[in-house]
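Colleague: based on what follows, work out the 3D shape:
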Amino acid sequence: MSAGTKTPYDGPLVVDVTALKDHLVDFPPGGQVGLKHEKPGIGDVLDELQRAKNGALATAGISTDVVTRIETRTMTLGEVRKAKTIARKLFEVLDETEADLENAREGDIAIIARGVQTAAQHLDAGTAAHFESTLKYYSQIADKAVATRRKNAADNEETGG
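Modeller: Below is the predicted model:
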């Protein structure tokens with residue numbers, strides 16, 4: 001099985017949320033339960049409130065400070081969401097890089113294990129003793145497959161299958 005095509009990542013490498021420091025919060029597990037979330041139509045509400053600052057708010061007895069807070073929070077939400085987009089992409093890239101490096105390292109271990117097996121078989125049987133952990137590590141998947149086949153065969157004999 002071959003891996004998919006990989007390309008070098010050329011996006012942002014840093015997510016700096018220093019400017020958001022005074023807004024950042026950390027809830028305990030379950031601490032977000034009950035929080036209200038943005039609903040469809042928020043854009044229309046923001047437009048309406050912007051227009052209402054010219055008099056309708058005063059008529060309703062509402063301070064323009066409330067709309068100003070909403071506008072400020074909306075801008076901050078935009079900054080948070082932009083940082084989250086970059087952070088998500090960085091997490092994805094780091095996750096994929098981790099998988100790629102593990103895969104490459106496993107391939108290198110396989111090269112060593114196969115070389116040791118060949119040397120032990122054809123050159124010096126004592127060679128394997130120097131690589132006991134490597135050979136054990138390398139053979140884990142094969143050993144598990146053998147054990148599974150044996151178990152399945154035993155189960156089939158018991159059930160007459």
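Colleague: summarise which helices and strands the strand or helix carrying A99 is packed against.
Modeller: A99 is part of helix 64-122, with elements assigned from DSSP states H and E. Here helix 64-122 touches helix 42-52, helix 56-59, helix 132-138, going by 3 or more Cβ pairs under 8 Å, 6 or more residues apart in numbering; DSSP states H and E. In this view, the C-beta of every residue, glycine as well, is placed from N, C-alpha and C.
Colleague: export those to CSV and tack on mean pLDDT and distance to F91?
Modeller: Below are the helices and strands packed on helix 64-122 laid out as CSV (pLDDT from 0 to 100; distance: least, Cβ to Cβ, whole Å):
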stretch, mean pLDDT, distance to F91
helix 42-52, 95, 27
helix 56-59, 92, 42
helix 132-138, 94, 28
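Colleague: just send these back as TSV, with distance to N152 and mean neighbour count too.
Modeller: Conversion of the helices and strands packed on helix 64-122 to TSV gives the following (distance: least, Cβ to Cβ, whole Å; neighbours: other Cβ atoms under 10 Å):
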stretch	distance to N152	mean neighbour count
helix 42-52	57	12
helix 56-59	74	12
helix 132-138	23	13
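Colleague: from K39, how far off is V45?
Modeller: Counting by Cβ to Cβ, to the nearest Å, the gap from V45 to K39 is 9 Å.
Colleague: contact partners of stretch 70-84?
Modeller: V15, V17, A19, L20, H23, L46, L49, Q50 (Cβ atoms under 8 Å, 6 or more residues apart in numbering).
Colleague: for F131, what are its contacts?
Modeller: Contacts for F131 were tallied using Cβ under 8 Å, 6+ apart; they are I112, A113, V116.
Colleague: distance to I141, neighbour count and pLDDT added to these, as TSV?
Modeller: Listed next are the contacts of F131 as TSV, based on distance: Cβ to Cβ, whole Å; neighbours: other Cβ atoms under 10 Å; pLDDT from 0 to 100:
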residue	distance to I141	neighbour count	pLDDT
I112	16	13	96
A113	12	18	95
V116	17	19	96
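Colleague: and G115, what does it touch?
Modeller: Counting by Cβ under 8 Å, 6+ apart, G115 makes contact with nothing.
Colleague: around H23, count how many other residues there are.
Modeller: Residue crowding around H23 was assessed by other Cβ atoms under 10 Å; the count is 13.
Colleague: if I look at it, how far off is V80?
Modeller: 7 Å.
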